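Student: 3D model of this:
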Amino acid sequence: MNERRKVVRIGEVMNAQIDMVDGTITVAEALKRIQETASHALIINKRNEDDEFGIVLLANIARRVLAHDRPPGNAADPGAWS
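Tutor: Numbering: from 1, shown residues only. A predicted model of the protein is given here:
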């Protein structure tokens, strides 16, 4: 009853294949890159030294673009995603 459970480290479950992209790519391009890397996320590169990295998840695209019947190729303006 007092069995020790194995500790699972994040490195054992993470996807080591990531893709860094420019924040100006279209959603269609992002979906293609996600498919190519078999991941569920993209890292958005910094625009300059004072900027921060970003992340976009497949779930973000599904919720903000596809769920609103917006075609991925025409959804390049993140300000229009709300």
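
Student: give the bridge partners for the residue most central in space within the chain, please.
Tutor: Centroid check for the chain by CA atoms, centre = their mean gives residue 41 as the closest residue, at 2.3 Å. Per DSSP bridges, the residues bridged to residue 41 are residue 57.

Student: how about the helices in the protein?
Tutor: 10-13, 27-37, 58-64 (DSSP state H).

Student: now the shortest one: how far from the chain's centre is it?
Tutor: Centre-to-centre, helix 10-13 and its host chain are 18 Å apart (CA atoms, centre = their mean, to the nearest Å).

Student: can I get that helix as PDB, trimmed to CA atoms?
Tutor: The C-alpha coordinates for helix 10-13 follow below in PDB (Å, rounded to 0.1, in the frame of the first residue of the first chain):
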ATOM      1  CA  ILE A  10       8.500  17.500 -17.700                       C
ATOM      2  CA  GLY A  11      11.300  16.600 -20.100                       C
ATOM      3  CA  GLU A  12       9.800  13.100 -20.400                       C
ATOM      4  CA  VAL A  13       6.500  14.400 -21.800                       C
END
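
Student: residues in contact with it?
Tutor: Applying CB atoms under 8 Å, 6 or more residues apart in numbering, helix 10-13 turns out to have no external contacts. The C-beta positions use only the backbone N, C-alpha and C, and glycine is treated the same way.

Student: mean confidence score for that helix?
Tutor: Averaging pLDDT along helix 10-13 gives 90.

Student: show me the contacts for the nearest residue to residue 45 once chain neighbours are set aside.
Tutor: By the measure of CB to CB, 6 or more residues apart in numbering, the closest residue to residue 45 outside its immediate chain neighbours is residue 20, 4.9 Å from it. Neighbouring residues of residue 20 by CB under 8 Å, 6+ apart: 42, 43, 44, 45.

Student: among those, name the buried ones.
Tutor: Among these, those classed as buried by 16 or more other CB atoms under 10 Å are 42, 44.

Student: and residue 66, how many residues sit next to it?
Tutor: Neighbourhood size, residue 66 [other CB atoms under 10 Å]: 15.
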